[in-house]
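Predicted model follows, preceded by the sequence.
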Amino acid sequence: MARLLYVEDDALLRAVTVMALDDAGYDVVQAHDGRQALQLLHEQGGFDFVVSDISMPGGVSGLEVARTAQQLRPGCRAILVSGYARTQLPSLPGAVAYLGKPFRVHELIDVLAEDS
């Protein structure tokens, strides 16, 4: 079972998405912001996927979470999500997939399947 770290500051969106990812067969660990995500990456590591909002409160962005995840485990696949238009975002590393908000959970699951 693939391990996935899901990082989202919106509690309702996080809960709904985590349930759907669990149903799709992923072993999901959730974080409410980038700081908690970095802590989990260092403490638990071993994630196959990281799905993170790009812009979150607390001063740690999804970009930093994705970079750290890939440094700790080079095979880790990162998917960053945002409600901002892609043109409004900083450039994303080549190894990072992007999904715009709002998205349907099946779209996220499709992106995860493409990256496997």
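Here it is on my side, so go on. Residues are numbered from 1 along each chain as shown.

got any ranges where the chain has weak pLDDT?
Residues of the chain that meet the criterion pLDDT under 70 lie in 115-116.

Show me what whatever helix or strand Tyr6 lives in is packed against.
Using DSSP states H and E, Tyr6 falls within strand 3-7. On a contact count with 3 or more C-beta pairs under 8 Å, 6 or more residues apart in numbering; DSSP states H and E, strand 3-7 meets helix 11-23, strand 27-31, helix 34-44, strand 49-53, helix 62-72. The way it works is simple: take the backbone N, C-alpha and C, and place the C-beta from them, glycine included.

Looking at those, which one is packed in the most?
strand 49-53 (a mean of 26; mean count of other C-beta atoms under 10 Å).

Go ahead and produce PDB holding the CA coordinates of it.
Only the C-alpha atoms of strand 49-53 are listed here, as PDB (Å, rounded to 0.1, in the frame of the first residue of the first chain):
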ATOM      1  CA  PHE A  49       3.600  10.500  -2.400                       C
ATOM      2  CA  VAL A  50       3.300  14.000  -1.000                       C
ATOM      3  CA  VAL A  51       0.200  16.000  -1.900                       C
ATOM      4  CA  SER A  52       0.300  19.600  -0.600                       C
ATOM      5  CA  ASP A  53      -1.400  22.900  -0.900                       C
END
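
one step back: between the helices and strands packed on strand 3-7, which one is nearest to His106?
helix 11-23 (8.2 Å; C-beta to C-beta).

tilt between the closest one and strand 27-31?
Counting by axes from the mean of the first three to the mean of the last three C-alpha atoms, to 10 degrees, helix 11-23 lies at 170 degrees to strand 27-31.

returning to what we had before: figure out how far the strand holding Tyr6 is from the centre of its chain.
6 Å (C-alpha atoms, centre = their mean, to the nearest Å).

now swap in stretch 84-103 and tell me
12 Å.

OK, contacts around the residue most central in space within the chain?
Nearest to the geometric centre of the chain sits Val51, at 1.2 Å (C-alpha atoms, centre = their mean). Contact partners of Val51, counting by C-beta atoms under 8 Å, 6 or more residues apart in numbering, are 4-7, 78-81, 108, 112.
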